[in-house]
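**Student:** Whatever this is, show me its structure:
(chains A and B)
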Amino acid sequence: MGRDLRRTLRGWRGFLCLVAVLAACAALLALAWPGERMGAGHGPRVAQGLLMLFGRVLLVASLVIVPGYAAMSIVSEREQETFEQLRLTLIRPYGIVLGKLANVVGLFLFVVVATMPMLACILFIPGLDWPQIAMVFVLVFATTLSAGAVGVFCSTLFRRAFLSLVASYIGLALIAGGPVYLFAVAQLALRRSLGIWAVRESMANLSAVISPFATIGVMAAGSSMGRSPLSAQLMVAGAIGIQLLWALVFVQLAAMLLRRSEPVVRVSTDKPIDDPAVLAERRRRYPYYLLDPLRRKPMIEDGRNPMLQRELRWGLFNRATTLVRVFYVTLAVSFLGSMSALIDMQSERLVAFWLATQTFCLVLVIPALASNTFTKEFELGNIDMIRATLLSPLQIVSGKALGGMITVAPLIVAALIGSIPMAFLDSESWRILAMGGAAMAVSCFVAASASICASFLSRRTFRALVLSYALVGISLLAAIPYTPWLFDGSGDLGAAMLVGSPVVSFLAVLDPPVTAGALLMWAGNLAVYATFGAALLGIACLWYFMMRTSD
Amino acid sequence: MTEAMNDGAPAAAAPDPKAEPAPPPVPAVRTIALTKRYGAFTALKSLDLTIEKGDIFGFIGPNGAGKTTTIRILATLLAPTSGQAFINGIDVRRAPYEAKRRLGFMPDSFGVYDGMRLREYLDFFGAAYKIPRKKRQGIIDDVLQLTDLTSKADDYVSAFSRGMKQRCCLAKTLLHDPDVLLLDEPASGLDPRARIEMRELLKTLRRMGKTILISSHILSELGDMCNKIGIIEHGELLHAGPFRDILESLRHEREIHLRVLDGADAALRILEATEGVHNVERSGSEFQFETSLSLEAISDLHMRLSADGVRILFFEEEKGTLEDVFLHLTKGGL
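**Tutor:** Okay, the predicted model is just below:
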């Protein structure tokens, strides 16, 4: 733990995290600071609001920073080939797991301590009591522990940093939001079939216990939601307990994984099959194969881009079963979603809502698939051999970029196919589905371009992944100033259509009356974003041209 | 194509004494004042290096001496800060693609793609070197045979042992039939058998007329394999040339090993009495001594011993090794 903490604090990433959190805290508090607007007697409410805002910033920082560091903790030892040496020492599995966890939590506590002057500013406003402040910090600490434990568990489970990183974030999202989402779907179904509305409060209570953000919401709302202070405090205590329980479970699982002997890496010795009869037999046995992995691949044709061929044959189609699984899972989720969404709501809104939700999910998944497009060549150690061939930089870049795009294509196709049932709701649904599909395709193109660009700019997948999400986030943040329109119709609709994300623009254009001008603006929005995506790919090309003869 | 060009050409005439002498052959590898700086650190300091066609040139030096930097510049992967580098007379900066056609590069560390079989791996690199599909199959079979990997053609590359991966990378390097091979530590991490096999493979390649620049830390093997060596330290070329010449130029004293059947006492007496013979060590009928005598004087000494009734079993000069040269020339440290 001591070694790791020193190394983390010496590195630039620790400093960057610190600066980012401090800057976010300072900016948000400055924006929310009441100044002269604060009327007499409003002090406690304002102070509480600022404290909750402060707590939310810390929670977001914890859920962004901690899993990232924790997910790299043990897997990086494996990649640097120091893991065996670590296992040979007298440190017990629990010691290793707790040491790694303590390092990450220690780093984050360092960040929290650095934000104390800002908390002191809030304390200038009267009305806060110490138990309330303590509860916020305990909740943040418990969430940090659970996020770190999930990260360390994934780091123990996977051998590749990339997988560990993606699994940590997805796992955390599922733990924090999955039960709430399932409960919401169940409530919708109950409301539709039995007309039961009373479950709404229980869902809010469940959310408050499961999701730390909702917990802070409960703390902020206090008695305004009709809860007694005692029940609110019990709910917060329950939330802290749940987070600590998650931490305990995942620490235990990680230690169990460390205790077992390292699994032997399975090496396939299957020979390629040329016999058509055997291939036909296998086709009957494995009907879900799109391409039989054992079918001998033909030689690369003259005039084709070998880089693209490699990406397709050995990157995408070689993992035929993985590809098919991902395709079918996405298709099933999309189909079930569209079917379950048929329960309620007006049909136009329903189709639009489901397409927007799917787009949001795809945009989150795409960086995980595409951000290692180029970095894997560095990590595998193949980049020099490729650069020494007669492949032109354009062939390398276009092969990689197209390969990355095609890798994410099955997801988009599956999502679109899964949404088709909704097209039969009414005569307008087809049009909405087509427009939503276009918005989805452009959004995914931007996300894939951002990920590929990040992959070219970075040499490590970890950095590429972080940069991908930052680029995707920035490109979609343009919609944030116009989000009020999404909920209550306020704000500038025209501006939302033109510069909002493709999904915002798509939702905006559905607002009646649909005019030719609105459609034109919507098309313009898609063009702007498609150009932005292409520009990101251009940056990637330019970067590669610049770095092709440098170390 | 050469035959077609010769068709209709005038019959070979006697050389014209007034004609200009033929230009000297273009060296396979040449660097002129090659310099590479990484910020304040200078990795290469005005390196001048020439390797003739058909040479196996051993490029040796301590870690961080600049070997890999030189090789990467020659392989067009790295731009020098100043100076020039040529492969078969082609400037690697001005015509990188022409240079790449003529060179094969094997990096010191490399990876392999998961899920790719050896034949597929070679097919990919063959396509990347723009070898037409029709020819590629035959070429792949040839390099597989040359590197003794034919039986592994349908195996996954990622499942290969270290030695097999090195062979596989060498096979990839040979696909486009390059004139010059740049091999960065090709034998590192190999077991003794794999090293011997790699050494034999390189000898075969030399017989095929390839020029090989090979950097390695395994000096004893380079000594057997290379006809020329270059020693680099702190980015400066300390010595370059035929290994034996360097050894001779560095040698001030010869070490002679003598074993006699009879007349050991007489031999000792003669050796101690001979001017220019030092540090005579006797172990029974065996002697070891150092001498600054010329080759002729050493021959005279041999005759004198025989003339005085010493029955000589062998009289042999101890061979110098590359390790001796390396230790003598380099200072060590970083």
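**Student:** contacts and neighbour counts: CA atoms only from here.
**Tutor:** Fine.
**Student:** Output the contacting helices and strands for the longest helix belonging to chain B.
**Tutor:** With DSSP state H applied, the helix covering the greatest number of residues in chain B is identified as helix B:192-207. Counting contacts by 3 or more C-alpha pairs under 8 Å, 6 or more residues apart in numbering or on different chains; DSSP states H and E, helix B:192-207 packs against helix B:219-225.
**Student:** per-residue confidence averaged over the helix it packs on?
**Tutor:** Average pLDDT, helix B:219-225: 74.
**Student:** which outside residues touch that helix?
**Tutor:** Residues outside helix B:219-225 that contact it (C-alpha atoms under 8 Å, 6 or more residues apart in numbering or on different chains): B:56, B:58, B:60, B:199, B:202-203, B:216, B:243, B:321-323.
**Student:** change it to 7 Å
**Tutor:** B:58, B:203, B:322-323 (C-alpha atoms under 7 Å, 6 or more residues apart in numbering or on different chains).
**Student:** Residues contacting the next helix or strand after that helix, please?
**Tutor:** Downstream of helix B:219-225, the next assigned helix or strand under DSSP states H and E is strand B:228-233. Outside strand B:228-233, the residues that touch it by C-alpha under 7 Å, 6+ apart are B:55-62, B:65, B:237-243, B:330.
**Student:** and if we set it to 6 Å?
**Tutor:** The contact list for strand B:228-233 (C-alpha atoms under 6 Å, 6 or more residues apart in numbering or on different chains) reads B:57-61, B:65, B:237-243.
**Student:** What of stretch A:426-437?
**Tutor:** residue A:423.
**Student:** And that stretch, how far out from the chain middle?
**Tutor:** Computed by C-alpha atoms, centre = their mean, to the nearest Å, the chain-centroid distance of stretch A:426-437 equals 28 Å.
**Student:** Return the backbone torsion pair for residue B:262.
**Tutor:** phi -140, psi 160 (degrees, to the nearest 10).
**Student:** can you tell me how far it sits from residue B:294?
**Tutor:** According to C-alpha to C-alpha, to the nearest Å, residue B:262 and residue B:294 sit 26 Å apart.
**Student:** what does residue B:59 give?
**Tutor:** Taken as C-alpha to C-alpha, the span from residue B:59 to residue B:294 is 31 Å.
**Student:** between these two, which one's more packed in?
**Tutor:** residue B:59 (27 against 12; other C-alpha atoms under 10 Å in any protein chain shown).
**Student:** how about the more buried one, secondary structure?
**Tutor:** strand (DSSP: H, G, I helix; E, B strand; the rest coil).
**Student:** burial measure for the residue nearest to it when sequence neighbours are not counted, as a count.
**Tutor:** Among residues not flanking residue B:59 along the chain, residue B:215 sits closest, at 4.5 Å (C-alpha to C-alpha, 6 or more residues apart in numbering or on different chains). Residues near residue B:215, counting by other C-alpha under 10 Å, number 25.
**Student:** so who does residue B:215 touch?
**Tutor:** Here residue B:215 is in contact with B:58-60, B:184-185 (criterion: C-alpha under 6 Å, 6+ apart).
**Student:** Need the phi and psi values for residue B:117.
**Tutor:** Backbone phi and psi, for residue B:117 under degrees, to the nearest 10, turn out to be phi -80, psi 160.
**Student:** meant to ask about residue B:263
**Tutor:** Dihedral angles (degrees, to the nearest 10) for residue B:263: phi 80, psi 30.
**Student:** neighbours around the closest residue to it other than its chain neighbours, how many?
**Tutor:** In space, and not counting its chain neighbours, residue B:263 is closest to residue B:310: 4.6 Å by C-alpha to C-alpha, 6+ apart. By other C-alpha under 10 Å, the residues close to residue B:310 number 20.
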